[in-house]
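>>> The following comprises the amino acid sequence and a computationally predicted model.
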Amino acid sequence: MPLLFPKRERFMNTYWEEDEDRLTLEEVFGKFLRPPIEFRPIPFWSLNDLLEEKEIQEQLAEMRKGGFGGGFLHARIGLRTPYLSEEWMSSLDIAIDTCAHLGLKAWLYDEDRWPSGFAGGIVPEMDESYQQKLLILTPTQEESKYRELLVEQVNLFRIDTQDYKPVDEKAGATHIALIIKAPKIPWFNNNPYVDLMNPKVTDAFIASTYQPYFERYKDAIRLGVVPGIFTDEPNVAPRDFRGRSLPWTPMLPHIFKKRYGYRIEDRLPELFYDVGEYRRTRIHYWSLIGELFSINYSKRLFDWCEKHGLLYTGHYLCEEEMWKSIPRNGDVMAHYEYMHIPGYDHLGRHLLPSIGYRQVSSVAHQMNRKRVLCEIFGTSGWDTKLEDYKWMVDWNLVNGINFFNPHLVLYSLRGCRKRDYPPSLFKHQPWWKYHRVLADYIAGVSYILTLGKYLANVGVLHPMSTGWMKYAVMDHLKVVELDKAFQEFAERLMKAQVHFDFLSEGMLKKYGKIEKSHLKLGKMKYSTVIIPPFIENVLPSTLKILRKFAKSGGRLIIVGSTPRYVEGEESEISIENAEIIPITQLEKVLKDLSPIEINGTGCDDVYTHLREFNGVKLCFITNLSKEAEARMQITLKGWKAVSLWDINRRSRYKVTYKRSDEDVVLNLVLEPLASTLLVEESVEYYPPLPEIKPVSEVSDWKVEILDYNALPLDFCRWSTDGKSWSEPTYVLSIQEDLEKENYEGPIYLRYEFRSDIDGTAMVAYEDSGSPDVYVNGEKVKEVPFKWIDPVYKVCEFKLKKGKNTVEIKAHFKPPKKPKTLLFVKDGMEIETIYILGDFTVDFEDKKPYISGPKKTPIPGDITSQGYPFYAGLIRYTSTFRVEEGGTYLLKVDRYNGVAMGVMVNGVYAGVAAWPPRVIDISTHIKKGVNTLTLELATSLRNLYGPHHTAGIGPSVGPTSFLELSSRRVPPKKVRWVDEYLLVPVGFEGKVVLLKEIH
């Protein structure tokens, strides 16, 4: 198939570029309604099984249908097509060619799983010097623990609580410093990780991964079908000795001595304990670690991509909190300069502190990077709702993110793949048909918030060098406290609607200038700079430019007191013309600095993002509270007029406002989780924002279950000879034990369940290990019924009253090569099986059983009405009357499910996806009686779990599904329970008919 994209004549490192000076607001609104493909979410497409041409083509077509703009071609756990083989490359050929025909973007991903750099094991196997090294400072009596990994002895020390000194003889030493190599582990396919501070490693990584991709896809790159490549969580942290070791590279001692004039080998205890001149030594050490990593890895890849026409994007490991980020990255903000599209990672179903997002968006603003990426939704769990997704997206948007990388779309649900940090946003989900409304929202708002320039008049000095100074390997608590103070300070600024960027001291040294009483950092100019109260250290270069800034007439605000240290040395710091304010006066100062003032009730979780485009100001405003309605009086400072662009109804309205001095004042109400756009324009032909009044409430619902019910069987007896049987055992524990023993041979699995009825049912099982399936002693045959994913085979059988038995006879072979995560083509994974049919399910002694025939539930939670594990659609039908013409809306109350489709008189009207959950039904109604149908789309959560792990919080990963107890030490507050943990599913039935009053 020929590639269809037009020739890209020149490399554009912004991913989207247009002549904004010529754009009118009318054209902007048109593109908001129909955003370019570049603004659509681009998910991780998890290539995690045996890749087949037809499936690749069909999945990409389905992704396009669901509103995605393409995908990152991501090798992931479970891949059975050998990574970087010709077979792998041929599969990517098909994917990229299909993307070209569909108008999608095929983004490359640079690793087998993550973290990037080891090329699936190729790089560490090239040369032992490429393998990661680390520094250990250990008591001399424990030296033998590291004998097998020892590279060299660095020094001997005598350390007490107050001080230390190097010693020559082991007899006088309490501690020994060793360089060891990282151990071989399965995650890196029986290899160590690699030394990303070594430029030769990056060159080897390029040669093994980047260069072959470029040679094969240079035409697709030139044509814009393949825009760029994603690097994922590269880092320098020792993976298996965290908390006891430090990053190391053989070149470090020489460079350190040359730069700082002393031997780091003689000061090593200062990196572990608060002894000697530890403040200065730590600043020097971590600054150099960050530099070596960013220059020898990030810049090297960035330069290569720049030369070869690829956009370099991705994110680093543990970016948000300094106590995690420092040992993994040195200085994470230093990397963002070397990314065409800097990125961040939002994990879990919650709102992370703003620090991580703003670190990356600040550098993007300063370095004129138009797009800022966030990998988002990973670990949120199967039951994440559309309103949860939007809630997280809106938080990202106000913090400067405008390129969304959903985690993830699973190619296959086979075996462990379904537990790969769910959810999967794809066709196997009951709610997938409604995904496009989320994709359209993301695309439209991302387009708007890419236009023009972020209006930040305030720069906030970042405390990284203070973090370096406080970070001790043996004690992180001081940096944890610093992180907390930093997060609270940033939150205060955001709640005060101050628009700000962080100022990296490294970036200030390289690019900071003074221009007409403004601090200029790259493309950004700040009239005010704030030094927060927790900053105890500044670098000499920082102090120099801040003094110039204050002298030029710029406003320098020091909150609390001036820092005590310069490059780790105590110093009397004075800055002429600086304002030193107590923390108690901060709110008053922030009010003066804010370009937007918000007063009213329920406003605690209202946040804004402000931009200027062609002289017109744009304000995105969102209420992130899940409970409180925000009733606001908003003052837009310096605005001349205002209109409202309703994101949900995709309409523009005139709003009533007052002019006060140079400001605009308006009243606005935002429901919980609602958002809107304010635009500095006055257009007479826009309709006025209507008043909406309730007409009637819709009631008397008929409820229908539209799909088969399910009974999961996640315990079974097992045997290797068909004679000696185990007690009922959790299926994933059986898999774990057999893999641990590297067993290969016959496997017999016996699943038992009770039924209180006779009838017909089906069993769904995964096609793994060439199984023969018997139900109640009779061999069953597959029927042509598709369920959730192609991995499932479905057989029909006679259900009998009493005990029923499903037996599977198969050949077990470990799914992975020994000591690796390399999956073989004929391995077996033992999984839960599912009984499907028109029946109900209840519990006795914590065990589920089939309790009766299918029945009609009433409005409310269906999990207590015979459908605890149901995954599918639920239909609610009622009627309402309309007596006169006009514009009518339906407002749907909260529901327990992912999405709610709305149909009026049999015609699709929209999706009640998130607040205000209002659908315009005017074109679908008739005078008199109208039929209303609501379709509640559930999730896979109650079907797939995790069912037995309590207390896991907002993040779900593979271990959330594993048996805990004696098998592994559970995380804090997490425990295994015998009962089945479920989430509510259903709708109480509250719907209100509304009418617009003009």
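Yep, it's here.

>>> Isn't residue 391 up against residue 607?
No - using CB atoms under 8 Å, residue 391 is not in contact with residue 607, being 11.7 Å away. C-beta coordinates here come from the backbone N, C-alpha and C atoms, glycine included.

>>> which neighbours do these two share?
residue 624 (CB atoms under 8 Å, 6 or more residues apart in numbering).

>>> which stretches of the stretch 151-300 of the chain form strands?
164-167, 175-181, 228-232, 245-248 (DSSP state E, counting those that start in this stretch).

>>> still on that earlier bit, neighbour count for residue 391 and residue 607, which is higher?
Taking neighbours as other CB atoms under 10 Å, residue 391 and residue 607 compare with residue 391 leading, 23 against 20.

>>> any idea how far that one lies from residue 359?
Residue 391 sits 22 Å away from residue 359, going by CB to CB, to the nearest Å.

>>> Likewise for residue 189?
Residue 189 is 32 Å from residue 359, where distance means CB to CB.

>>> More neighbours: which of these two?
Between residue 189 and residue 359, residue 359 has the larger neighbour count (other CB under 10 Å), namely 25 against 22.

>>> Name the SS class of that one, please.
Assigned with DSSP: H, G, I helix; E, B strand; the rest coil, residue 359 falls in the helix class.

>>> so it makes contact with residue 336?
Yes - here residue 359 reaches residue 336: they are 7.4 Å apart, a contact under CB under 8 Å.

>>> shaky segments in the stretch 851-998 of the chain?
Within the stretch 851-998 of the chain, the segments meeting pLDDT under 70 span 964-971.

>>> all helices for it, in order.
941-944 (DSSP state H, counting those that start in this stretch).

>>> do the same with the stretch 101-250 of the chain
Under DSSP H, counting those that start in this stretch, the stretch 101-250 of the chain gives helices at 122-126, 199-205, 211-223.

>>> So which residue is smack in the middle of this protein?
Central residue of the chain (CA atoms, centre = their mean): residue 376, 2.5 Å from the mean position.

>>> How about the contacts made by that residue?
Residue 376 neighbours (CB under 8 Å, 6+ apart): 346, 392-393, 396, 404-407.

>>> redo that, cut-off 10 Å
By CB atoms under 10 Å, 6 or more residues apart in numbering, the contact list for residue 376 reads 41, 43, 344-347, 389, 392-393, 395-396, 401, 404-407, 442.

>>> Take those residues and keep only those in helices.
The helices, defined by DSSP state H, take in 389, 392-393, 395-396, 442 from the contacts of residue 376.

>>> and residue 867, how many neighbours does it have?
Using other CB under 10 Å, residue 867 has 25 neighbouring residues.

>>> Tell me how far it lies from residue 645.
41 Å.

>>> where does the chain have low pLDDT?
Looking along the chain with the criterion set at pLDDT under 70, you get 1-14, 242, 964-971.

>>> Let me have the ones in helices among the contacts of residue 376 in TSV, extended by neighbour count.
Shown next, in TSV, are the ones in helices among the contacts of residue 376 (neighbours: other CB atoms under 10 Å):
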residue	neighbour count
389	26
392	23
393	24
395	22
396	27
442	27
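
>>> tell me which of those residues is nearest to residue 992?
residue 389 (24.8 Å; CB to CB).

>>> mind listing what the closest residue to residue 929 other than its chain neighbours touches?
For residue 929, ignoring the flanking residues on the chain, the nearest one in space by CB to CB, 6 or more residues apart in numbering is residue 879 at 5.3 Å. Counting by CB under 10 Å, 6+ apart, residue 879 touches 698-700, 702, 905, 928-932.

>>> If residue 879 is in a bridge, with which residues?
residue 931 (DSSP bridges).

>>> Beyond the helix ranked longest in the chain, next helix or strand please.
Scanning the chain for the helix with the most residues, using DSSP H, yields helix 477-495. Counting by DSSP states H and E, the next helix or strand C-terminal to helix 477-495 is strand 500-503.

>>> Give me the buried positions along the following helix or strand past that following strand.
Next along the chain after strand 500-503, taking DSSP H and E as the criterion, comes helix 505-511. For helix 505-511, burial by neighbour count (16 or more other CB atoms under 10 Å) applies to 505-508, 511.

>>> Could you identify the most distant pair in these?
Within the buried residues of helix 505-511, 505 and 511 form the most distant pair, 11.5 Å apart (CB to CB).

>>> Surely residue 626 is in contact with residue 915?
Yes - using CB atoms under 10 Å, residue 626 is in contact with residue 915, at 9.0 Å.

>>> Residues in contact with both of those two, list them for me.
What both residue 626 and residue 915 touch, as defined by CB under 10 Å, 6+ apart, is the set 387, 391, 672-673, 894.

>>> Which residues belonging to the helix or strand encompassing residue 96 are considered buried?
Element membership for residue 96 (DSSP H and E) is helix 86-102. Within helix 86-102, the residues that count as buried by 16+ other CB under 10 Å are 88, 91-102.

>>> What is the nearest of those to residue 591?
Among the buried residues of helix 86-102, and counting by CB to CB, the member closest to residue 591 is residue 99, at 49.6 Å.

>>> show me what contacts the closest one?
3-5, 60, 63-64, 69-71, 73, 105-107, 220, 225-226.

>>> how close does it sit to residue 45?
Counting by CB to CB, the gap from residue 99 to residue 45 is 10 Å.

>>> shared neighbours, those two?
By CB under 10 Å, 6+ apart, the residues touching both residue 99 and residue 45 are 60, 63, 70-71, 73, 106-107.

>>> Take these and lay them out in CSV including secondary structure and neighbour count.
Conversion of the shared contacts of residue 99 and residue 45 to CSV gives the following (DSSP: H, G, I helix; E, B strand; the rest coil; neighbours: other CB atoms under 10 Å):
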residue, secondary structure, neighbour count
60, helix, 25
63, helix, 27
70, strand, 27
71, strand, 29
73, strand, 24
106, strand, 25
107, strand, 26
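
>>> which one among those gets closest to residue 50?
Once CB to CB is applied, the member of those that ends up nearest residue 50 is residue 73, at 15.6 Å.

>>> Pretty sure the closest one sits against residue 107.
Yes - counting by CB under 10 Å, residue 73 does reach residue 107; the two are 6.8 Å apart.

>>> so what sits against both of these two?
Joint contacts of residue 73 and residue 107 (CB under 10 Å, 6+ apart) are 44-45, 99, 226, 229-230.

>>> Among the residues you listed, which one lies nearest to residue 603?
Ranked by distance to residue 603 (CB to CB), the shared contacts of residue 73 and residue 107 are led by residue 44 at 36.0 Å.

>>> which ones are touching that closest one?
Here residue 44 is in contact with 71-74, 76, 107, 109, 230, 232, 375, 377-378, 405-410, 421, 424-425 (CB under 10 Å, 6+ apart).

>>> ok, 6 Å please
Residues counted as contacts of residue 44 (CB atoms under 6 Å, 6 or more residues apart in numbering) are 72, 74, 407-408.

>>> possible to save the residues you listed as JSON lines with distance to residue 178 and neighbour count?
Listed next are the contacts of residue 44 as JSON lines, based on distance: CB to CB, whole Å; neighbours: other CB atoms under 10 Å:
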{"residue": "72", "distance to residue 178": "39", "neighbour count": "28"}
{"residue": "74", "distance to residue 178": "37", "neighbour count": "26"}
{"residue": "407", "distance to residue 178": "38", "neighbour count": "25"}
{"residue": "408", "distance to residue 178": "40", "neighbour count": "25"}
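
>>> now the residue lying closest to residue 102 once chain neighbours are set aside, what's its secondary structure?
Leaving out its chain neighbours, the residue that sits closest to residue 102 by CB to CB, 6+ apart is residue 64, at 5.0 Å. Applying three-state DSSP to residue 64 yields a three-state assignment of helix.

>>> shouldn't residue 64 be in contact with residue 101?
No - counting by CB atoms under 6 Å, residue 64 does not reach residue 101; the two are 10.1 Å apart.

>>> What is the nearest of the contacts of residue 99 to residue 953?
residue 71 (28.8 Å).

>>> So what pairs up with that closest one in the strands?
residue 106.

>>> Kindly report the same for the one 4 residues further on.
Beta-bridge pairing of residue 75, defined through DSSP bridges, involves residue 47, residue 112.
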